[in-house]
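**Student:** Generate coordinates for the sequence data below:
(2 chains)
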There are 2 protein chains.
Amino acid sequence: MTASDPDPDSAPSSTLAPAVLISEVGPRDGLQSVAATMPTAAKQGWIAALHAAGLREIEVASFVPARLLPQMADAAEVVRHAVALPGLRVMALVPNLRGAQAALAAGAHKLTMPVSASEAHSLANVRKTPMAMVDEVRAIDALRRGLAGSGPMAGLEAGISTAFGCTLQGRVDEDAVIRLAVACAEAGADEVGLSDTVGYANPAQVRRLFTRLRSELGDKAGAAHMHNTRGLGLANCLAAYEAGVRTFDASQGGLGGCPYAPGASGNVVTEDLVFMFEAMGVATGVDLARLLAAREALRAGLPGEPIYGMTPEAGLPKGFAPAAAPAHSRDTSTGEMRNV
Amino acid sequence: MTASDPDPDSAPSSTLAPAVLISEVGPRDGLQSVAATMPTAAKQGWIAALHAAGLREIEVASFVPARLLPQMADAAEVVRHAVALPGLRVMALVPNLRGAQAALAAGAHKLTMPVSASEAHSLANVRKTPMAMVDEVRAIDALRRGLAGSGPMAGLEAGISTAFGCTLQGRVDEDAVIRLAVACAEAGADEVGLSDTVGYANPAQVRRLFTRLRSELGDKAGAAHMHNTRGLGLANCLAAYEAGVRTFDASQGGLGGCPYAPGASGNVVTEDLVFMFEAMGVATGVDLARLLAAREALRAGLPGEPIYGMTPEAGLPKGFAPAAAPAHSRDTSTGEMRNV
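**Tutor:** As a prediction, the model looks like this:
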């Protein structure tokens, strides 16, 4: 599939099933990267606003010791609130088995494990080698399977960090990235994504690595997690889409980065990514007007923190029509949601 | 050709012929959009610095009445200086026959005519309808042919403005854009490009329109002039590249927009565009370190004016190697230009 296949002019005005999944990571990736701690009630309000905009997968918290990341001390409470939102897949980052136990006890639907392809970054980020992290994936897979007797089994995703380069070690070997991804899948991950943790990726590399990933892992090939550090975030998402990727991580207002990778900054802005896909005629299921409105909940919870986004600043084009009206706005008789 | 074809790992360390032409428009498009007027000597210094970075086509001035654009009052003097820089193709924007006469008298190598696909924008920008502008293209073509007896004939490009949408009229009909482009070529333009004057374009549309343009015009299909107003500038350039476009307009520091299209802002940043292509292994002929250094000449000539760029702010990745060392840096024995 290429970028030219979808045609906005041929999109029906009724609901299209989303063609891509936008996985919002702001409440975890964003909030753990800023110095201030957003109060629990504000987190819950922001997550509810993101859900109301149509986002159906949100990474809401990180289960790490509160002394390391005080911004995430209320992770369990945030998960317990989020799982009550209808139709939302609630994801939590867990760096190890202990974190997985806590996240599953709180009711998280899906766990995501960061497994760094750069040994230097892995040691700095989680104090373990990449292969020790693969062992941790295996242990978490056993844990979730053991707990699944009492209900549906939680999902387990591995995200290969620094897959496109590392600020500490520079170039990261592409064969090693693919080997590590295969090892994570063999250790039990349902899906394995690739993360440009430090914003080094370029479109040719993104296309090459995701093509290899899909060739090796098939349906277990997971999300593209791109950063906009050097302005290439959306171009890299486009290249990933053209390589067949259908899940994209993004952060409202571009909040976040990685505190343990010097110079890392700038998650892809959810608003800009949704605008790009919707303008292309690729349905995201997200209502842009409500997504822009959710920025207020973010601002209210983090007063004074800079938040980004080109589309929010410029506004939507005159006469803009998204790929399809999301389900919750279809019944408006004015149709104004299609022309914000 | 797709984004995955070039492979940076296989790029030889010797010079590659540039695979794309980066056409720098900052000294015209950028400078006419800011309130301050850059002094002539500063313009000349900036243009020389851009040339030293390896840029081989620069739009240096606009030949319009000084009472309309006082920033361009020294257009002839700027052109006369620029044509002395070796290997540089000096381009000037001309809105009409009178401007073309002045630009050719000053020695410009190539003229560019803005022809807007939006009637509303055309009237606001040049007080003529699109078809009246096609007549102007024809008159300018006759003029340059008449003058060519005394030397090489100047180039003539038409740029279809608001080709992807217009802040005044909204949607712009794609068939009308293609018809207008064909009319410009038939009127004598050597090449016809498409401009996203107001930042409305999306990658699917860019691919679709440039594919049609190339199908209609063949070798006369010209440059992609993209704006980053909604963050999609580089993604749109990538889509254009994949559709076969090999000339890209960009502006150092993202300076510029169009004063007659409300809400227009943000030319694609030359530094980020060059970084994207070089990282992909697509040689631009531009030396990134010298290009970053040229920002100082821009800053010096426009003190206090905000200039943009993600790559300049983040710096180049650790261990970054461009597609190929440009000719003027090949003889450095340290090789440090490859690892800035």
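
**Student:** Show the residue spans covered by the helices in the stretch 101-250 of chain A.
**Tutor:** Secondary structure of the stretch 101-250 of chain A (DSSP state H, counting those that start in this stretch): helices at A:119-126, A:130-147, A:174-186, A:203-217, A:233-242.

**Student:** The residue in the stretch 51-200 of chain A that chain B sits nearest to: neighbouring residues, count only.
**Tutor:** Nearest residue of the stretch 51-200 of chain A to chain B: A:Gly170, at 3.4 Å (Cβ to the nearest Cβ). For the C-beta atoms, the positions are set from N, CA and C on the backbone; glycine is no exception. For A:Gly170, the neighbour count with other Cβ atoms under 10 Å in any protein chain shown is 15.

**Student:** Over to A:Pro70?
**Tutor:** The number of residues packed near A:Pro70 is 12, by other Cβ under 10 Å.

**Student:** wait, it sits on A:Ala36?
**Tutor:** No - using Cβ atoms under 8 Å, A:Pro70 is not in contact with A:Ala36, being 10.2 Å away.

**Student:** and A:Val286, what element?
**Tutor:** Take DSSP states H and E as the rule and A:Val286 turns out to sit in neither a helix nor a strand.

**Student:** Tell me the spacing between it and B:Val177.
**Tutor:** Here A:Val286 is placed at a distance of 29 Å from B:Val177 (Cβ to Cβ, to the nearest Å).

**Student:** In terms of neighbours, single out the busier of the two.
**Tutor:** Neighbour totals were compared for A:Val286 and B:Val177, and A:Val286 leads with 27 against 21 (other Cβ under 10 Å).

**Student:** Distance of that one relative to chain B?
**Tutor:** For A:Val286, the distance to chain B equals 16 Å [Cβ to the nearest Cβ, to the nearest Å].

**Student:** swap in A:Arg299?
**Tutor:** In terms of Cβ to the nearest Cβ, A:Arg299 sits 19 Å off from chain B.

**Student:** Quick one: name the residues of the stretch 51-200 of chain A near chain B.
**Tutor:** Applying Cβ under 8 Å from any Cβ of the partner chain, we find that the stretch 51-200 of chain A lies next to chain B at A:165-171, A:198-200.

**Student:** Pick the one among these closest to B:Ala19.
**Tutor:** Ranked by distance to B:Ala19 (Cβ to Cβ), these are led by A:Tyr200 at 21.4 Å.

**Student:** And for the closest one, the neighbour number?
**Tutor:** A:Tyr200: 29 neighbours (other Cβ under 10 Å).

**Student:** coming back round to it: would you mind checking the residues of the stretch 51-200 of chain A next to chain B for buried ones?
**Tutor:** Burial by neighbour count, judged by 16 or more other Cβ atoms under 10 Å in any protein chain shown, picks out A:165-169, A:171, A:198-200 from these.

**Student:** Switch those residues over to TSV; also include pLDDT and distance to A:Lys43.
**Tutor:** Listed next are these as TSV, based on pLDDT from 0 to 100; distance: Cβ to Cβ, whole Å:
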residue	pLDDT	distance to A:Lys43
A:Gly165	96	32
A:Cys166	94	30
A:Thr167	90	29
A:Leu168	91	31
A:Gln169	90	34
A:Arg171	94	37
A:Val198	90	26
A:Gly199	93	26
A:Tyr200	95	30
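
**Student:** now chain A, which segments are flagged as low pLDDT?
**Tutor:** Scanning chain A for pLDDT under 70 picks out A:1-16, A:150, A:257-265, A:324-340.

**Student:** tell me the contacts of the nearest residue to A:Leu147 once chain neighbours are set aside?
**Tutor:** Nearest residue to A:Leu147, sequence neighbours excluded (Cβ to Cβ, 6 or more residues apart in numbering or on different chains): A:Leu104, at 5.9 Å. With contacts defined as Cβ atoms under 8 Å, 6 or more residues apart in numbering or on different chains, A:Leu104 is in contact with A:111, A:143-144, A:147, A:154.
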